[in-house]
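1. next one to model:
(2 chains)
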Amino acid sequence: MSVFCPRCAVEIVEDVAKCPLCSSVLVGDQKLLPPLVQAYPREFETFPGRLERLMRHRGLINIISAFVVFVPAMICLAVDFMYAGGGWSLVVIYTAIFLWTLVFIPLAFFRLPLLVAMLLIASAGAYLFILDMLDGQHTWSMTLGWPLLLWVALAIFVLWLGLVWPKKSPGLVAALIFVCLQIITIGTDLSTQYFVFGVVTLTWSLVVVSALMPLALLALLLQFSLSNSSRLKRFFHW
Amino acid sequence: MNRVAFPSWLRLDNSANIWPAVLSSRYTSIFRLTVVLRERVQLERLQRALDASMERFPYFKVCIRRGLFWYYLEPRIDWPRVQADSANPCMQANLIGKKNWPFRVRVFSSRISLEMSHILSDGSGAAVFLRYLIEEYLKPNDSPPASHQSTSDSDEWVDSYHDLIPPHSSKLPKRALAEKAFHPHGRLLPSGRYQVVSLLLDADQLLSFARKASLSLTEYLASLLLMVLQEQQEALVAKKKRVSLLKPIRLNIPVNLRSFFPSKTLRNFFTYVDPGIDPRLGVYQQQEVQEQVHHHFRFLLDPKRLRHMVDRNIQGERNLAARLTPLFFKDLFLERVFRTQGDQRVSASFSNLGRLSDFSGDQGRVSHLVFLPPPSPLLGVNMTAVSYGKQLCISFGGIIDSTALAAGFVKYLVERGIEAKIEANHISHSEESR
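-> The predicted structure follows:
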């Protein structure tokens, strides 16, 4: 006796419980199928993107990156202990761990880009702190390194907010990138001025901001004035 | 018949070489031929027919691989499986690599669809494959193939561009590059979506209109399409109040070179003609458009001129510097060439596969055929036509959220008293264009 797939609407004579094409549970009544005049199914086919295809091999990438990073670090450690009694190789080990986190974190959390960015920044902060503490006291990591990283984190958060907004468009995204660059510029200027001179003031960043601000406005202008241009949409489609 | 064992690899033919460079989630190079039966498809029978077809057409049982200088086709040891259809046809973007098939047979309800990449074959080649598949499906169990040869012939997988069009000893004159053409406007659908509208008409009724105008069906439909595009451009110019937006309107119409050169290949063997009008010179009446199209066809459909058109592409492929350029750089260059010298110069493409003779074993079981064009983000909407029995199916495939072209076409048909049934896929408008 023939059975039918309610999704594919095809006849199946083999003795199977599920459709070989879509795994739907088969039915015996043709009335439950889409009508013959229906030309296409309702379901859309989705395809893995380039990133998802790459991530299928993330275990292998992890192993290779660990090998590339840690084998030289272990050799350095052995040489250091054999000839110098240990000391400088710690820098190499910390650097190797930091470099490996740059590969491991994106591979482990590739579906959560904001988490990846924040974990990478945290990893960089920890690395800077450890480097700073090598001589037994912290001098620059908490007053210069961490503030710089916090400004970068803020810029990335703003960019992420813009990218997850459902009505994003190429012009708005471009404007947002320019705004984020301005945030990083201002943050860098403020942090370095405070670290070097002990004052909170803006100097060179004003020049950079004055160049980036018109670009952000131009991107917004293009987006809003030419929002109906399919030519632009074709050119910038992504 | 020239029987030679199928080689361990095949070069891509001249037309196919450009496609891998432009592949993307919207430029998939995949066209589709669908046979609509009057009964539900029987899945196991279709799988058996596909297996038999693969033995008959070994040059389609291949994957596309990446070499250092060119892509190539490599035979596969595994067999393709029939796949479930979806609401977004022609949208498989992952074609390169040993795990991906450059074609697939899909099924839904009473419809058997062959989706094939232009890297593998053109519409005529795909039609021969589809005929074998359907006749295998329709034939009674265990009976031999009826109306077609049952073994492959090495002439079917040769690159006829190279075999039949030898390099010229003298340098040929260069062809002038056409101006940029008008493109239908609309918002791009999200990546992976494809809007399809098919019109089912009485073939003889439309053919009688074409005959009255002393045109072939292809010329008649092309002139109607040009008229619709002209109206669209006029409406756009009126809306924007900018006459400077007026551009030439040009169609891209593939010509089957097998009709002009003695080829049996089932891989690509076609070139394009590009009839058009220039509305900057004034509004064209239908009679004028028909004359333009008719004379353009008559002028260009000459073996010497066709050879000239093909020769330019072949010369590029034979160029030593081009051959020694690594594939990565070649891809970048070819992608640019495709956009600037191809799609930017035409407003839409129109491909007429012609009338397919009845499948053996049909006996009224086949309702009609549908032919869908490959998607193109630059052209927006493309048109195709195919006839089977008394049914002519004209399809519009577009990745913009506008069906104005199909609607304009229907308006012209209604004005002439031609009735059309409409088939379309479901595009969710809740998913906004990006």
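2. can we go C-alpha only for contacts and neighbour counts from here?
-> Noted.
3. what's near enough to touch the spatially most central residue of chain B?
-> Nearest to the geometric centre of chain B sits B:Pro373, at 4.9 Å (C-alpha atoms, centre = their mean). If you count contacts by C-alpha atoms under 8 Å, 6 or more residues apart in numbering or on different chains, B:Pro373 has them with B:30-32, B:351, B:382-384, B:395-397.
4. okay, it and chain A: tell me how far apart.
-> According to C-alpha to the nearest C-alpha, to the nearest Å, B:Pro373 and chain A sit 16 Å apart.
5. buried stuff in the longest helix along chain A?
-> The longest helix of chain A (DSSP state H) is helix A:170-197. Buried residues in helix A:170-197, counted by 16 or more other C-alpha atoms under 10 Å in any protein chain shown: A:170-194.
6. ok, the helix or strand where B:Asn382 lies: who's next to it in the sheet?
-> Here B:Asn382, judged by DSSP states H and E, is contained in strand B:381-388. With DSSP bridges as the test, strand B:381-388 is paired with strand B:348-356 (parallel), strand B:391-398 (antiparallel).
7. can you list contacts of that strand?
-> Applying C-alpha under 8 Å, 6+ apart, the contact partners of strand B:381-388 are B:184, B:203, B:348-358, B:368-376, B:392-400, B:405.
8. quick one: which helix or strand includes B:Val410?
-> Counting by DSSP H and E, the element that carries B:Val410 is helix B:404-415.
9. which element follows that helix toward the C-terminus?
-> Note on helix B:404-415: by DSSP H and E, the next helix or strand toward the C-terminus is strand B:421-424.
10. helices or strands up against the longest helix anywhere in chain B?
-> Secondary structure assigned by DSSP H gives helix B:217-240 as the longest helix of chain B. Applying 3 or more C-alpha pairs under 8 Å, 6 or more residues apart in numbering or on different chains; DSSP states H and E, we find helix B:217-240 packed against helix B:203-212, strand B:249-256, helix B:286-300, helix B:404-415.
11. now with 6 Å, please.
-> helix B:203-212 (3 or more C-alpha pairs under 6 Å, 6 or more residues apart in numbering or on different chains; DSSP states H and E).
12. identify each buried residue in the helix it packs on, please.
-> Counting neighbours by 16+ other C-alpha under 10 Å, helix B:203-212 gives B:203, B:206-207, B:209-210 as buried.
13. and the nearest residue to B:Ser110 once chain neighbours are set aside, what is it in contact with?
-> In space, and not counting its chain neighbours, B:Ser110 is closest to B:Arg40: 4.3 Å by C-alpha to C-alpha, 6 or more residues apart in numbering or on different chains. Neighbouring residues of B:Arg40 by C-alpha atoms under 6 Å, 6 or more residues apart in numbering or on different chains: A:10, B:109-110.
14. most neighbours among the residues you listed, which one is it?
-> B:Ser109 (32 neighbours; other C-alpha atoms under 10 Å in any protein chain shown).
15. hang on, that one packs against A:Arg7?
-> No - applying C-alpha atoms under 6 Å as the test, B:Ser109 and A:Arg7 come out as separate, 8.7 Å apart.
16. what residues does chain A have near chain B?
-> Neighbours of chain B within chain A, by C-alpha under 6 Å from any C-alpha of the partner chain: A:8-12, A:21, A:40-45, A:230.
17. quick one: buried ones out of those?
-> A:8-12, A:21, A:40-42, A:44, A:230.
18. redo those as a markdown table? Include pLDDT.
-> Listed next are these as a markdown table, based on pLDDT from 0 to 100:
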| residue | pLDDT |
| --- | --- |
| A:Cys8 | 92 |
| A:Ala9 | 92 |
| A:Val10 | 93 |
| A:Glu11 | 92 |
| A:Ile12 | 92 |
| A:Leu21 | 92 |
| A:Tyr40 | 92 |
| A:Pro41 | 91 |
| A:Arg42 | 89 |
| A:Phe44 | 87 |
| A:Ser230 | 57 |
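19. which of those residues sit farthest apart?
-> Maximum pairwise distance among those (C-alpha to C-alpha): 45.6 Å, between A:Ile12 and A:Ser230.
20. burial measure for B:Pro374, as a count.
-> By the measure other C-alpha under 10 Å, the count of residues near B:Pro374 is 27.
21. may I have the phi/psi pair for the residue nearest to it when sequence neighbours are not counted?
-> What sits nearest to B:Pro374 in space, not counting adjacent residues and going by C-alpha to C-alpha, 6+ apart, is B:Phe31, at 4.5 Å. Main-chain dihedrals, B:Phe31, degrees, to the nearest 10: phi -110, psi 170.
22. B:Phe31: neighbour count?
-> Neighbours around B:Phe31, by other C-alpha under 10 Å: 25.
23. these two touch, right, it and B:Ser376?
-> No - in this structure, B:Phe31 is not within contact of B:Ser376 by C-alpha under 6 Å, at 11.1 Å.
24. quick one: pLDDT of residue 205?
-> I'll assume chain A. pLDDT for A:Ser205: 94.
25. should've been chain B
-> pLDDT, B:Gln205: 93.
26. what of A:Ile61?
-> 89.
27. what do you get for A:Lys233?
-> A:Lys233 is assigned a pLDDT of 54 by the prediction.
28. what do you get for B:Asp311?
-> At B:Asp311, pLDDT is 84.
29. what's the residue of the stretch 301-434 of chain B found nearest chain A sitting at in phi/psi?
-> Relative to chain A, the nearest point of the stretch 301-434 of chain B is B:Asn425 (5.6 Å; C-alpha to the nearest C-alpha). As for B:Asn425, its main-chain torsions (degrees, to the nearest 10) stand at phi -90, psi 170.
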